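> how would this look folded up:
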Amino acid sequence: MSIETTVDPLVSWGESGQPYPYQRTELVEPDWTRFPGWKDVTAEEWASVQWQRAHCIKNLRQLRALWGDLVDERFYADLERDQQERATMSMLVPPQMMNTMAPRHVPAGPGSLTEALYADPIRRYMLPVFSDRRSDWASHPHATRDSLHEHDMWVAEGLTHRYPTKVLAELLPTCPQYCGHCTRMDLVGNSTPVIDKLKFLGKPVDRHAEMLDYLRRTPSVRDVVVSGGDVANMPWARLEEFLTHLLEIENIRDIRLATKALIGLPQHWLQDDVRAGVERVATVARKRGVSVAIHTHANHAASITPIVADATRAMLDAGLRDVRNQGVLLGGVNADPHTLLDLCFALLDGAQIMPYYFYMCDMIPFSEHWRVSLAEAQRLQHHIMGYLPGFATPRIVCDVPFVGKRWVHQNADYDTELGISYWTKNYRTSIEASDPEAMSRQYEYYDPIHTLPEAGQTWWAQHAADGAHLREAERRAAQSRSAAESQTTLTIV
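Residues are numbered from 1 along each chain as shown. Purely as a prediction, here's the structure:
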């Protein structure tokens, strides 16, 4: 079997004679004054986290004030329609992230920015427009708002215990920026016209106390991902208090702070009080033999700028063990070997961020234009091998419902006509403590229907209409939720 490359070797191999011609590039901070709304913004203002937060783009009115007539009215109408009919996340984009859209474009009069924005990869996931989405299969028939069933696996409100030794602690439901493809779109951010968001019921102090109590009485857990939302939206004093209590629990050996803000709002991590607080936490962790790292989220090389590198260096200098990137594989953004490698080298060479994972986009509503097939993900993994150091070569993973992360080549079986892959696992989740078949059954994952051959697309058109296949999936999901609700004490065996 041969795997074709999208690169014409006669055109683009260059002097290296390789499909991907590596060349180190210097990071650049785009000139924010190219946008009319920021023509008078000073470097001091740009470096201020307070200014950045106060000038986030939250609605069309603010977007018009920023871009003005550089963008055609059809783009604004396209975006407004998406916000009303498709968007699962409300609009929230910090200036730092906005500035990485069409970074090399030089304004040349009314409408001159329009096509560059339509084509821009960062705009495509931060400010999706209606025409981006598929009109045939906007959502997969199996798409769900909590596609990974994290809520089903809560052992305390906001604490997901899916893996034997690891938990996810969702401390808060907000971020400094909202990505259109967010897998936690059922909980994070404001409600949209198409999604009424869930809300935490408990007070933050009570929820956090319950999380810590569970971890104290569950010695099998050694690794905590502290997330949300985004920890950058939590006042540092409260976050440091939680981390300090976490470090007092003897069985906790790894702590990972999840924050997109390192990329989208690096000014937060450059604040003196935050840097000093991170150093205090890192010092305590080092004395106790605990590793503390940051996991961030970048999907395209254009978002890696000098200020991102500065913030990363500040965190490493403060004593964190590592800064790692968990990107998402997105059609129209980065689902191309060269684009992925450009991002990885920008992260590694430019900002000292370790490429770690690329997740296949989860099966949330209205995400089919972003998702790629398992076969395509496998092809991309093949094409990025060999260029990066082994320790910095990211794994492309499929987050399989009721299973968890699996390398894309770990599927047990794959029906490429129907686009259904089958997966197994070697552990029980917290809702399967008494399920004897949890580790023997196969779990399904679904390719985007538009990527299938004609026969597969026809099958789905017929079965999506009759609903039998979908009802079976819903029955299994209902059984899972019932099992979760019936277990008052959840133990991994």
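> and the helix or strand containing residue 457, how far out from the chain's middle?
Taking DSSP states H and E as the criterion, residue 457 maps to helix 454-466. Put simply, helix 454-466 sits 30 Å off its chain's centre (CA atoms, centre = their mean, to the nearest Å).
> what packs against it?
Helices and strands touching helix 454-466, by 3 or more CB pairs under 8 Å, 6 or more residues apart in numbering; DSSP states H and E, are helix 468-486. Any C-beta I mention is one placed from the backbone N, CA and C, and that applies to glycine too.
> quick check: mean pLDDT across the helix it packs on?
On average, the pLDDT along helix 468-486 is 48.
> And for stretch 201-209?
Stretch 201-209 comes out at a mean pLDDT of 97.
> Could you do stretch 398-406 as well?
Stretch 398-406 comes out with an average pLDDT of 95.
> end-to-end on it?
Start-to-end span of stretch 398-406 (CA to CA, to the nearest Å) is 5 Å.
> ok, and what's touching that stretch?
Outside stretch 398-406, the residues within contact range by CB atoms under 8 Å, 6 or more residues apart in numbering are 147-149, 162-163, 183, 357, 359-360, 362-363, 374, 377, 397, 407-408, 411, 421, 423-425, 429, 443, 445, 480.
> cool, and stretch 435-443?
Under the criterion CB under 8 Å, 6+ apart, residues 400-403, 412-413, 422-429, 432, 483 lie in contact with stretch 435-443.
> now those: which count as buried?
Among the contacts of stretch 435-443, those scoring as buried are 400-403, 423-425, 428-429, 432, 483 (criterion: 16 or more other CB atoms under 10 Å).
> With residue 342 as the reference, measure out to the closest residue to residue 24 other than its chain neighbours.
Of all residues not flanking residue 24 in the chain, residue 349 sits nearest, at 5.5 Å (CB to CB, 6 or more residues apart in numbering). As judged by CB to CB, to the nearest Å, residue 349 and residue 342 stand 11 Å apart.
> cool, and residue 150?
In terms of CB to CB, residue 150 sits 31 Å off from residue 342.
> next one: residue 300
The gap separating residue 300 from residue 342 is 8 Å, by CB to CB.
> Residue 62 now?
Distance from residue 62 to residue 342, by CB to CB: 30 Å.
> can you check residue 182 too?
Distance, residue 182 to residue 342, by CB to CB: 24 Å.
> And for residue 440?
According to CB to CB, residue 440 and residue 342 sit 42 Å apart.
> and the two? which has more neighbours close in?
Ranked by neighbour count (other CB atoms under 10 Å), residue 440 and residue 342 place residue 342 first, with 20 against 9.
> got the contact list for the helix or strand containing that one?
In this structure, residue 342 sits in helix 337-345 according to DSSP H and E. Here helix 337-345 makes contact (CB under 8 Å, 6+ apart) with 5-7, 19-20, 22, 24-25, 121, 298-301, 304, 327, 333-334, 355, 358, 380, 383-384, 387-388, 392-394.
> now the helices for the stretch 151-300 of the chain?
In the stretch 151-300 of the chain, the segments counted as helices under DSSP state H, counting those that start in this stretch are 204-216, 236-247, 261-264, 266-269, 272-287.
> The fourth one packs against which elements?
Contact here means 3+ CB pairs under 8 Å, 6+ apart; on that basis helix 266-269 packs against helix 49-54, helix 261-264, helix 272-287, helix 306-317.
> what does it contact?
47-49, 52, 96, 176, 232, 259, 261-262, 274-275, 278, 307-308, 310-312, 314-315.
> From those residues, keep the buried residues only.
For those, a burial check counting by 16+ other CB under 10 Å picks out 49, 52, 96, 176, 232, 259, 261-262, 274-275, 278, 307-308, 310-312, 314-315.
> Please tell me I have it right and residue 335 contacts residue 329.
Yes - if you go by CB atoms under 8 Å, residue 335 and residue 329 touch, sitting 5.6 Å apart.
> So the two - more neighbours on which side?
Taking other CB under 10 Å, residue 335 and residue 329 do not tie; residue 329 has more neighbours (25 against 21).
> got a list of what that one touches?
By CB under 8 Å, 6+ apart, the contact set of residue 329 is 335, 358-361, 372, 377, 380, 396.
> Torsion angles phi and psi at it?
phi -80, psi 120 (degrees, to the nearest 10).
> Could you measure from it over to residue 444?
The gap separating residue 329 from residue 444 is 19 Å, by CB to CB.
> Same question for residue 242.
For residue 242, the distance to residue 444 - CB to CB - is 37 Å.
> same question, residue 37
Going from residue 37 to residue 444 by CB to CB gives 47 Å.
> try residue 318
44 Å.
> related to what we said a few turns ago, quick check: neighbours shared by residue 335 and residue 329?
Common neighbours of residue 335 and residue 329 are listed as 372, 380 (criterion: CB under 8 Å, 6+ apart).
> In contact with residue 52, which residues?
Applying CB under 8 Å, 6+ apart to residue 52 gives the contacts 46, 94-96, 265, 267.
> Let's have those in a markdown table, adding distance to residue 80 and pLDDT.
Formatted as a markdown table, the contacts of residue 52 follow (distance: CB to CB, whole Å; pLDDT from 0 to 100):
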| residue | distance to residue 80 | pLDDT |
| --- | --- | --- |
| 46 | 28 | 98 |
| 94 | 21 | 98 |
| 95 | 21 | 98 |
| 96 | 24 | 98 |
| 265 | 25 | 98 |
| 267 | 29 | 98 |
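> I figured residue 357 hits residue 395, correct?
Yes - Residue 357 is within contact range of residue 395, at 5.8 Å (criterion: CB under 8 Å).
> Buried residues in stretch 64-71, which are they?
Neighbour-count burial for stretch 64-71 flags 66-67, 70-71 (criterion: 16+ other CB under 10 Å).
> could you dump those residues to TSV with distance to residue 117, pLDDT and secondary structure?
Formatted as TSV, these follow (distance: CB to CB, whole Å; pLDDT from 0 to 100; DSSP: H, G, I helix; E, B strand; the rest coil):
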residue	distance to residue 117	pLDDT	secondary structure
66	12	98	helix
67	8	97	helix
70	9	97	helix
71	6	98	coil
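> of those, closest to residue 246?
Of all the buried residues of stretch 64-71, the one sitting nearest residue 246 is residue 66; the distance, using CB to CB, is 39.8 Å.
> Report the contact partners of that closest one.
35-38, 57, 98.
> Widest-spaced pair of these?
Spatial extent of the contacts of residue 66 (CB to CB) is set by the pair 36 and 57 at 13.7 Å.
> my guess is residue 191 contacts residue 197, does it?
Yes - look at residue 191 against residue 197 with CB under 8 Å: they come within range, at 4.6 Å.
> for the stretch 1-150 of the chain, what are the low-confidence residue spans?
For the stretch 1-150 of the chain, the stretches with pLDDT under 70 are 1-15.
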